[in-house]
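Asks: Starting from these lines, generate the structure:
(chains A and B)
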Amino acid sequence: MKHILLITFSLFALTAVAQKQPAKTDDPGGLKAIGSPVNPKVPMRWNHYNDYGMITKFCQDLAKAYPDLVKLESMGKSYQGRDIWVLTITDTKTGNPARKPGFYIDGNIHSNEIQGSEVAMYTAWYLAESFADEPYIRELLKDRVFYITPTINPDAREDFVKNPNNSNSPRSGMMPLDDDGDGQVDEDKYDDLDKDGNIVQMRRKSPLGRWNVDPSDPTRMVPAKPDEPGTYELLGYEGEDNDGDGLVNEDVVGQYDPNRDWGWGWQPDYIQRGALYYPGTLPETQAVKKFVMSHPNIAGAQSYHNYGGMFLRGPGSEEDVPYYTPGDIAVYDVIGKVGEKMIPGYRYLTIYKDLYTVYGGEIDWFSLGRGVFTFSTELMTSYKLFNQKSDENRFQNDEFNQFDKYLLLKDAYVPWKAYNHPQFGDIEIGGPKKNYIRNHPGFMLEEDAHRNMAFTLFHADNMPMLVVQNIETKALANGLTEITATVQNQRVIPTHSSHDVKYRIERPDRISLKGATALAGMLVDNDDLGITREQKNNPSTIDVPNIPGMGYVKVRWLVKGKPGKVTVDVDSQKGGIASKTMD
Amino acid sequence: MKHLFCTAFFISLWSPLVQAQSAPTPPGYQDHAQLSARLKTLASRSGNAATVESIGKSLSGKDIWLLTLGRGKATAKPALLLVAGIDGSHLAGTEMAVELAEKLLSSTSDSIRRVLDTKTIYVLPLVSPDAQAQAFAKLRFERTGNARDTDDDRDGRLNEDPFDDLNRDGQITQVRIEDPTGQYVPSKDDARVLVKADPAKGETGRYLVLSEGVDADKDGQFNEDGEGGVAPDKNFTFDYPFFTPGSGEMPVSEPENRALLDFLAKSPNVYAVLTFGPYNNLSEAPKFDRSKTAKRIITGLLEKDATVGEQVSKLYNAQTSLKDAPAQPATKGNFAQTAYYHHGRFSFSTPGWWAPKAVSAPPARRDSSNTSTKPGLAVKGGDDNEDVRFLKWADANGLTNVYVNWTPVDHPDFPGRKAEVGGLVPFARQNPPVRFLADNVQKHVQFMTALAGRMPQIEIVNVRSESLGSNLHRITAQVVNRGLLPTGSDMGDRVRWVPKMKVELKLADKQSVVSGRRIMLRGPMAAGETMDVTFLVSGSGRVTLEAGNAMTGINQQEINLK
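Replies: You can find the predicted model right below:
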């Protein structure tokens, strides 16, 4: 009973708060669906994919609609000269945005993995559109700042959206490279033989083939059983031998991997396929790097990929295992395990162990190069199709075909059709459209965007939150006074990962005494047993290597006489600032 | 006008004083401005044999000059790249690189003329001009970092504990303090040099040895965060030393590094790299170590490349007849190793100059010695210590400005204690007065010329064309590497950006290859290695067979199909 009463009361209180906010527009009519912004100022549909122009317009509209919350800037230009947009979202009326713990989000580093942009945009949209109505979001934006970059590979995203491609192309950016070592660049790309905007499969009817049509689904090819004849040869993706070298599609757009271009554990192409000349060869990587280096308040980060339904943490390679300490892993575990609950079918995994080896990946640079707790999420999983775990991997089961048949009403596949190929003769072309398999079908996009946003907001909420818990004074002999301040971190993420502490990536936190002259200053290791360590230089500002998650540090000063009003200031790059004054 | 007057006044008033306070930089070396003028003059007087251009700017905006030597189209010829001054305190490397270029251009020898006709020699004499400027600054110290602000001790405070010129002589040497906790004693071979006391020899320490300066931030460390910058030769990708002073926040974070690697990426014709710098892999080649090549991340020379290293090392020792080179291992994140491991080029490095060992004792004494010690070894005492060896050489050559005698100073961190400033003058040990370099330059000209003469040479030989009737022709030929070195490193075969060996049959209209691959790409060909090629061509008229790549040059043979 008491419980119900409390809820009623708090509901009432929230309503009161909400009513104080200026109404966004006219009465929207109808009824707000719980958890969704009602009557948004920037109307959006979340069941389709945006091209670069639409992303740009969305960013501009959001900044225009919410000038006190959203700032739009370009963090640099892509290889082909497109602006890489970043939205800075925080309550600019409260506190200095640059001193709030920052959460960085990007998407689409792999250009075919497009829905990361929509999830990032949804997050920006949700934060801005909910600020007026939702106290939780208001609190979050009062204390934290979000840096949201919908796409860090805008050139190749545009290529994926606008030009003929398959679901795997291009993973690269658009910088032309000679893939086959013949001295020419990008001279044998895919060819959209039937001009339908999709690069699908080629097959040829042949008694020599080892493939058959799935009897229960004409869109699907299955390998012939070992003891039975096949009827088709598979000839790869749609294309011709454009340069007459006897190879088809051997030098396509790119090819390199923007996610092997980062400055931690970088290795060359012969060890790590996709690497370029050196970490940061790409202007896009350079732009993100510059942005992050100039925002030392970034304490958490999220990068969106597809596919597989995975919250991934580092290390990307076994060589880096020693740099992930049990303490840091425990932090990842807290967030990752909550994530598994938030998004059914998504699993919390470690890249090198559960996926494959990555050298020079983005999130290792964030985690080990900058000490930022970072997840990379592989969006979309076949689990979502029928809410069940499939027995086999996505190439060996027919769930996508079944899903197309029953839920997508046969929108997802290009039916096989005849084509006369200059090298292969009479063939057929068909297969999944480029926006199927890896990217969400429309009706699932908004839901997964919301769930993933909720995961990042949980992560962001757990960035350090510092408070000066109390300031105690104690008179000592000889007219000295001892002042002891306790600074608490009320969230899970420490101000410095233990890797950061070890290599001193970010400067120590500083706890300063104002209003009294410190004769001596010290770090209190154990208050009860009186164990302290003196800091000889500059005693009024104590350098603290770390303020642990859900933990605290104590510092102590010895001052002459009885101090009057004193203030203790906390200044942490990743943890933000805090202050308390004692009379 | 007023400004000019003021400046003139200022100079006249202060310059004698400044001069009085400063000891000179090792004589003869040039700063970036002088060097720029010298390179431009060199190029303008070379006829068509040299050009100078900038491949980028240092962090402070100084041009990184590229000198391109050779006649004809530079990018169309196989090239050697000579790099110096990546370690900005190695003034001698820069000077030697420029003198080497001057010598090549002014030479009348046939072999050098042939090199300039058939090869391109790229010279980057000063990759780290920001650091090098410290040798000409008001306060001189051996700086390797560029102009970037770096928080070397990563405490959030910038340059709060720099060197201090305690004896006001314009240079940073050392401080020694007599102290029972000290671990240093004067060397028995040369009391000017302090060495670590060796308890095994019954020695106990006497001095604390520090850099010249005070502990400005009272953290117990001396001069751990002064103006430092990022050292380009610690900022490359191979074996990158993350989060160490001077290495930067991440590999290739600096414009100097990008400029150099971008140049390499744009220059597939660079066959091998020679660096003048502290690392020495030329007087003695690194040995092949299978355990270092068997792992995923390769940290040792591949077997075939190690053989080439030995071959080139022999060539180096024979051509230069330089002896007793210091064994200076590769430092982490340096260019020479990155050029091999990550960019697939043969890469050689030498300090170019080092203090020769003192003249051996008279033979008579050795002859009378009845020990089994090898001749010479018994009397070379102290030569193992580079400082002792250098001072011995400096004394023998009458050099005076190489050492500061220990003189007492008041040191605020050691009140009432005996503190003295002194020791080797910065830059002195690696950078002798320029006049001492000429001989070594000549020796390296000989080495470079010999190396260029051994580079791979692709020829197409024993070409035959047979008619099989009905306009069908069989072409057979042999492609052979007539050079004395392989067409590329084995590592280069793995690196995506290094060109493959390519054989291509170029056809005209109405000709087609009916058997054989028209374009063949393959790994490096060893010295003397032959490759047989055969094609069946339908059609008649002229076809062209091409073999080679940017690193070897491309050889062509025209074949007439009748």
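Asks: Contacts only, for the closest residue to chain A within the stretch 301-450 of chain B.
Replies: Relative to chain A, the nearest point of the stretch 301-450 of chain B is B:H342 (4.6 Å; C-beta to the nearest C-beta). Any C-beta I mention is one placed from the backbone N, CA and C, and that applies to glycine too. Each residue near B:H342 by C-beta atoms under 8 Å, 6 or more residues apart in numbering or on different chains is listed here: A:268, A:278, B:236-238, B:495.
Asks: Quick check: residues of chain A near chain B?
Replies: A:180-183, A:244-246, A:263-264, A:266-271, A:277-280, A:289, A:293, A:319, A:357, A:365, A:369, A:503-505, A:507-508, A:510, A:536-538, A:543, A:573 (C-beta under 8 Å from any C-beta of the partner chain).
Asks: so what's residue 316 up against?
Replies: Here I'm looking at chain A. With contact taken as C-beta under 8 Å, 6+ apart, A:G316 is in contact with A:265, A:351-352, A:357-361, A:363-364.
Asks: could you do chain B instead?
Replies: Here B:Y316 is in contact with B:282-283, B:348, B:350, B:447 (C-beta under 8 Å, 6+ apart).
Asks: mind giving me TSV with those and columns for pLDDT, neighbour count and distance to chain A?
Replies: Output for the contacts of B:Y316, formatted as TSV (pLDDT from 0 to 100; neighbours: other C-beta atoms under 10 Å in any protein chain shown; distance: C-beta to the nearest C-beta, whole Å):
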residue	pLDDT	neighbour count	distance to chain A
B:L282	97	24	24
B:S283	96	19	28
B:F348	98	25	20
B:T350	98	28	25
B:F447	98	23	29
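Asks: Now the two most distant members of these.
Replies: Greatest spatial distance in these: B:S283 and B:F447, 11.3 Å, computed using C-beta to C-beta.
Asks: Can you find the residue of the stretch 101-250 of chain A that comes nearest to chain B?
Replies: For the stretch 101-250 of chain A, C-beta to the nearest C-beta, closest residue to chain B: A:G181, 4.8 Å.
Asks: Can you verify my assumption that that residue contacts B:W497?
Replies: No. A:G181 sits out of contact with B:W497 when judged by C-beta atoms under 8 Å, with a separation of 9.9 Å.
Asks: Following element in sequence after the helix or strand harbouring A:L385, please.
Replies: Applying DSSP states H and E as the criterion places A:L385 in helix A:383-386. Tracing the chain past helix A:383-386, the next element assigned as helix or strand by DSSP H and E is helix A:399-406.
Asks: Against which helices or strands is that following helix packed?
Replies: Judged by 3 or more C-beta pairs under 8 Å, 6 or more residues apart in numbering or on different chains; DSSP states H and E, helix A:399-406 is in contact with helix A:383-386.
Asks: contact partners of the helix it packs on?
Replies: Helix A:383-386 has contacts (C-beta under 8 Å, 6+ apart) with A:309, A:344-346, A:389-390, A:399-400, A:402-403, A:407, A:440, A:444, A:448.
Asks: Can I get those in CSV including pLDDT?
Replies: What follows is the contacts of helix A:383-386, written out as CSV (pLDDT from 0 to 100):
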residue, pLDDT
A:G309, 96
A:P344, 96
A:G345, 96
A:Y346, 97
A:K389, 85
A:S390, 78
A:E399, 90
A:F400, 92
A:Q402, 92
A:F403, 95
A:L407, 97
A:H440, 97
A:M444, 97
A:D448, 98
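Asks: Type out the PyMOL command that picks the buried ones from those.
Replies: Command for PyMOL that selects the buried part of the contacts of helix A:383-386, burial taken from 16 or more other C-beta atoms under 10 Å in any protein chain shown:
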select buried, chain A and resi 309+345+346+390+399+400+403+440+444+448
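Asks: Tell me which two of the contacts of helix A:383-386 sit farthest apart.
Replies: The span of the contacts of helix A:383-386, defined through C-beta to C-beta, is set by A:Y346 and A:Q402 at 21.4 Å.
Asks: Could you find the closest non-adjacent residue to the residue in the stretch 301-450 of chain A that chain B sits nearest to?
Replies: Of the stretch 301-450 of chain A, the residue with the smallest distance to chain B, taken as C-beta to the nearest C-beta, is A:G369 at 5.7 Å. Leaving aside its chain neighbours, A:G369 sits nearest to A:W264 (4.1 Å; criterion: C-beta to C-beta, 6 or more residues apart in numbering or on different chains).
Asks: From the contacts of B:H342, pick the one nearest B:L264.
Replies: Nearest to B:L264 among those is A:Y278, at 9.8 Å by C-beta to C-beta.
Asks: Please report how far that closest one lies from A:K195.
Replies: To A:K195, A:Y278 is 40 Å away according to C-beta to C-beta, to the nearest Å.
Asks: and if you look at B:L484?
Replies: Distance from B:L484 to A:K195, counting by C-beta to C-beta: 56 Å.
Asks: all strands of the stretch 101-250 of chain B, in order?
Replies: B:120-124, B:174-178, B:184-186, B:194-196, B:207-211 (DSSP state E, counting those that start in this stretch).
Asks: Tabulate those (CSV), appending mean neighbour count, distance to chain A and mean pLDDT.
Replies: Listed next are these as CSV, based on neighbours: other C-beta atoms under 10 Å in any protein chain shown; distance: least, C-beta to the nearest C-beta, whole Å; pLDDT from 0 to 100:
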stretch, mean neighbour count, distance to chain A, mean pLDDT
strand B:120-124, 24, 17, 98
strand B:174-178, 20, 19, 96
strand B:184-186, 17, 25, 96
strand B:194-196, 18, 28, 95
strand B:207-211, 19, 17, 96
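Asks: Make JSON lines out of these and add distance to B:Q557.
Replies: Below are the strands of the stretch 101-250 of chain B laid out as JSON lines (distance: least, C-beta to C-beta, whole Å):
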{"stretch": "strand B:120-124", "distance to B:Q557": "24"}
{"stretch": "strand B:174-178", "distance to B:Q557": "66"}
{"stretch": "strand B:184-186", "distance to B:Q557": "69"}
{"stretch": "strand B:194-196", "distance to B:Q557": "65"}
{"stretch": "strand B:207-211", "distance to B:Q557": "64"}
